[in-house]
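coords below, sequence missing:
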DNA sequence: GAGAAATTGTGAACAGTGTTTAGTAAATTC
DNA sequence: GAATTTACTAAACACTGTTCACAATTTCTC
């Protein structure tokens, strides 16, 4: 086998890996993670179920691949923030981008921040979670910059950042799982959910804003 | 069949329902929700798998039963707070009780606040979620009382309450899923997780405390 | 008491899951 | 053209939730 053919073969192999991943992504988004079977993925790409195991060790490895791609997507959502020079404005933008990401990609969000399995795998892999750490580093850095111009005086940067992340994560998860919808329907039936969510977020922002030195 | 026997029968039937529920509770806590099978529950109570379906319509109904019990347990955690007269102190107590509940019963917590299925069922049942609403009502009421003595001036009670709930939920979920552990290990490796969590909570408290009129 | 009826429990099966393995068909190398 | 490697798959294994026809037991009626 000459080199040109080997290359083409290799390329085809990579193509099929992508096809599998894309099919999995679509099905996961449609039916959720647990509800999509290897057989369904196989059928979508018109291959035998066993073929998938030639390209991915098991279902977990597919999930992990989507995990990596999910983080890249999140980083994309944060990309536009680089042009905001004011730290607190950037922090606000991060919050809005985070919410947007969560609402537009709820299954990916759950994959990234609400599952335990991929995390365990990642703890043994070391490198792989880098982008996750990097995302949190961005938050830490931004909070620090906010503090340098008088915001959040006297608060530890780490705790402050964890607090903000918890706030955003809780809001997104309550929304995604439907708990916000349920309690919201009973208590604040005037506005729709997105309004309720963003107004809660804005409440948090103005909450934070009042704490300026 | 006379009345005494009918009663004993009925009692036995209730007993078996309880046995199933208790076995399910233990197995769920041990291996998680998805990982425990009807067959495993059946084996634990030494009955045939099919027998379980004589007492519960399906696995969901077992989950819903545990859902109801979970809320009762949460209300128990909140019971001690009735004796705290100062609203803000009571609010702080609620936060600590909530965290305690989540950490001591992580699977139940996930069942109550991180699953979508039981919520859908409940939306069609109406009554069943009462205790969930009641728990949120307690929060609403407490926030309102805090505002009446000068806390959170100028903030809408609903949004404020949602914000607090989101904060607590996010903190608990990040802890339970292990995300706090992962990022925490890299960034704040000095303290253990419970310390990190409670110090983040206290940060939020002092954050809120500074906003007094 | 004896027979009918209703209750209570189960083994076996169905359709589905993730995964493995033995074996086939095709492409590549010699 | 023959040998070997590659790409793929049908079939099976051990699970899952769930159903159903059937058996055992208990209760009711006479």
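Received the coordinates, thanks. Since the model is a prediction, treat every value here as computed from it, not as a measurement. Numbers count the residues shown, from 1 in each chain, chains lettered A, B, ... in the order given.

quick check: domain ranges of chain A?
With domains defined by automatic domain parsing, chain A comprises A:1-56, A:66-209.

Can you tell me which of those domains is packed in deepest?
Across these, averaging neighbours per residue (mean count of other CB atoms under 10 Å in any protein chain shown) puts domain A:66-209 on top, at a mean of 18. To be clear about C-beta, it is placed using only N, CA and C from the backbone, and glycine gets the same treatment.

Compute the first-to-last residue distance for it.
36 Å (CA to CA, to the nearest Å).

quick check: mean pLDDT across that domain?
Mean pLDDT, computed over domain A:66-209, is 90.

Same check on stretch A:48-58?
What stretch A:48-58 shows for mean pLDDT is 96.

quick revisit: select, out of the domains of chain A, the one closest to DNA strand D.
Nearest to DNA strand D among the domains of chain A is domain A:1-56; the distance by CB to the nearest atom of the strand comes to 3.2 Å.

for the residue nearest in space to the middle of chain A, what are its contacts?
Geometric centre of chain A, nearest residue: residue A:109, 4.0 Å, by CA atoms, centre = their mean. Applying CB atoms under 8 Å, 6 or more residues apart in numbering or on different chains, we find residue A:109 in contact with A:70, A:101, A:102, A:172, A:176.

helix/strand/coil for the residue in chain A that chain B sits nearest to?
Closest residue of chain A to chain B, CB to the nearest CB: residue A:170 (2.8 Å). Counting by DSSP: H, G, I helix; E, B strand; the rest coil, the backbone at residue A:170 sits in helix.

Once you drop chain neighbours, what's closest to it?
The spatial neighbour of residue A:170 that comes closest, neighbours along the chain excluded (CB to CB, 6 or more residues apart in numbering or on different chains), is residue B:170 at 2.8 Å.

got it, and residue A:172?
residue A:102 (3.8 Å).

Ok, residue A:183 next?
If the residues on either side of it in the chain are set aside, residue A:183 comes closest to residue B:136, at 5.1 Å by CB to CB, 6+ apart.

Any residue of stretch A:153-163 touching chain B?
Yes: counting by CB under 8 Å from any CB of the partner chain, contacts between stretch A:153-163 and chain B involve A:155, A:156, A:158, A:159, A:160, A:162, A:163.

Just the mean pLDDT for whichever strand or helix holds residue A:14, thanks.
Using DSSP states H and E, residue A:14 sits within helix A:3-31. Helix A:3-31 shows a mean pLDDT of 80.

now the helix or strand harbouring residue A:160: how far from the chain's centre is it?
Using DSSP H and E, residue A:160 sits within helix A:157-177. Put simply, helix A:157-177 sits 13 Å off its chain's centre (CA atoms, centre = their mean, to the nearest Å).

Same question for stretch A:19-31.
16 Å.

and what of stretch A:140-155?
Here the centre of stretch A:140-155 is set off from its chain's centre by 25 Å, with CA atoms, centre = their mean.

Pull up the distance across it, start to finish.
Its first and final residues considered, stretch A:140-155 spans 13 Å by CA to CA.

Can you tell me the element the residue nearest to residue A:183 falls in?
Using DSSP H and E, residue B:136 sits within helix B:130-148.

Check which helices and strands the helix or strand just after the helix holding residue A:160 sits against.
Using DSSP H and E, the helix or strand that follows helix A:157-177 in sequence is helix A:179-187. On a contact count with 3 or more CB pairs under 8 Å, 6 or more residues apart in numbering or on different chains; DSSP states H and E, helix A:179-187 meets helix A:157-177, helix A:193-209, helix B:117-125, helix B:130-148, helix B:157-177.

between helix A:179-187 and helix A:157-177, how big is the angle?
70 degrees (axes from the mean of the first three to the mean of the last three CA atoms, to 10 degrees).
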